[in-house]
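Enquirer: dropping a prediction and its sequence here:
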Amino acid sequence: MNLDKDQWQAWTGLMKQTQKGDREAYERLLVEISPLVLGFVRRRVFNPQYVEDVFQEVLLTFHKAKHTYRVELPFGPWFFAVIRNAIWDALQRNRKFAEHEVPVEEFHDATALEAAEGGIDDRLHLALESLPEGNRRAVELLKFKGMSLQTTAKEMGISVAAVKVRAHRGYNLLRNFLTNGQGKNK
C-alpha cells in the first residue's frame, strides 16, 4: 500500500474529527487504516495462526490510545508507534501463553495411545516416572504446575538455560516412551 502525503493528511483530519467525537470519521479512519495495519502485522507476526488475533488486539489498542494523539504533531509517527507497541505487547502475551502450551505434535496419534493397555493416563504416569529426576521435575513444574521458566529455575536452583535443556530432554524422553513404549533414549 503506497501512501502519499495527501493520504496522511486525510487521516490526520479524520483523527482530529474522531477526537471531537465524530463516529463516522472514526469508522472511516478504521476502514482506511485496517489494510495498512493488517499488512504491518503480517510482516511482523511469523505464525499465521496468530495474525488475526494480533490484528484485533492492535485495533483495540489503537482504539484505547486514540485520545493520546496530539493534533499539533504528525499522525504517521504516532500511528506507527502505537501499532508497533501493540504488536509487541500482543506477541509478548502470546509468547507467555505459548510457553505453557504442550504442542500437539509432541504426542503422535493420541488415540492409539489411549487404546493401548493401561490408557493414556497410566502411560503418561509411567513415562513421567521413567524420566531422570531433573528432567521429570522440569517437565512437571513447567507443564503441570504452569510455572514460568524463571520461576522454575528459581525453584530448581538452576539457570533458565538449564531448565530449558532439562525440559527439552524430558519432552523427548516422554515422546519416545509414549510413541515407542520405551523410557530411555536409544
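Expert: Ah, there it is. Values in this document were obtained by computation on a predicted structure and should not be read as measured data.
Enquirer: how's the protein carved up into domains?
Expert: Listed domain ranges for the chain are 5-99, 104-180 (source: automatic domain parsing).
Enquirer: now do the first one, average pLDDT.
Expert: The predicted model assigns domain 5-99 a mean pLDDT of 87.
Enquirer: the longest helix that the chain contains packs against which elements?
Expert: For the chain, the longest helix by residue count, based on DSSP state H, is helix 75-99. Contact here means 3 or more Cβ pairs under 8 Å, 6 or more residues apart in numbering; DSSP states H and E; on that basis helix 75-99 packs against helix 5-19, helix 23-44, helix 48-65. Every residue, glycine included, has its C-beta placed from N, CA and C.
Enquirer: same list (the ones you listed) but as CSV, adding mean neighbour count and distance to Leu73.
Expert: CSV is the format used below for these (neighbours: other Cβ atoms under 10 Å; distance: least, Cβ to Cβ, whole Å):
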stretch, mean neighbour count, distance to Leu73
helix 5-19, 16, 9
helix 23-44, 15, 17
helix 48-65, 16, 14
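Enquirer: right, and the ones you listed - which one's nearest Arg137?
Expert: helix 48-65 (30.5 Å; Cβ to Cβ).
Enquirer: mind saving the C-alpha coords of the closest one as CSV?
Expert: Extracted C-alpha coordinates of helix 48-65, given in CSV (Å, rounded to 0.1, in the frame of the first residue of the first chain):
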residue,chain,number,x,y,z
PRO,A,48,-0.1,-17.2,10.6
GLN,A,49,-2.2,-18.7,13.4
TYR,A,50,-1.7,-15.5,15.5
VAL,A,51,-2.1,-12.9,12.7
GLU,A,52,-5.9,-12.3,13.1
ASP,A,53,-5.7,-12.2,16.9
VAL,A,54,-2.8,-9.8,16.9
PHE,A,55,-4.6,-7.7,14.3
GLN,A,56,-7.7,-7.4,16.5
GLU,A,57,-5.5,-6.6,19.6
VAL,A,58,-3.7,-3.9,17.7
LEU,A,59,-7.0,-2.3,16.6
LEU,A,60,-8.3,-2.4,20.2
THR,A,61,-5.1,-0.8,21.4
PHE,A,62,-5.4,1.9,18.7
HIS,A,63,-9.0,2.5,19.9
LYS,A,64,-7.8,2.8,23.5
ALA,A,65,-4.9,5.1,22.6
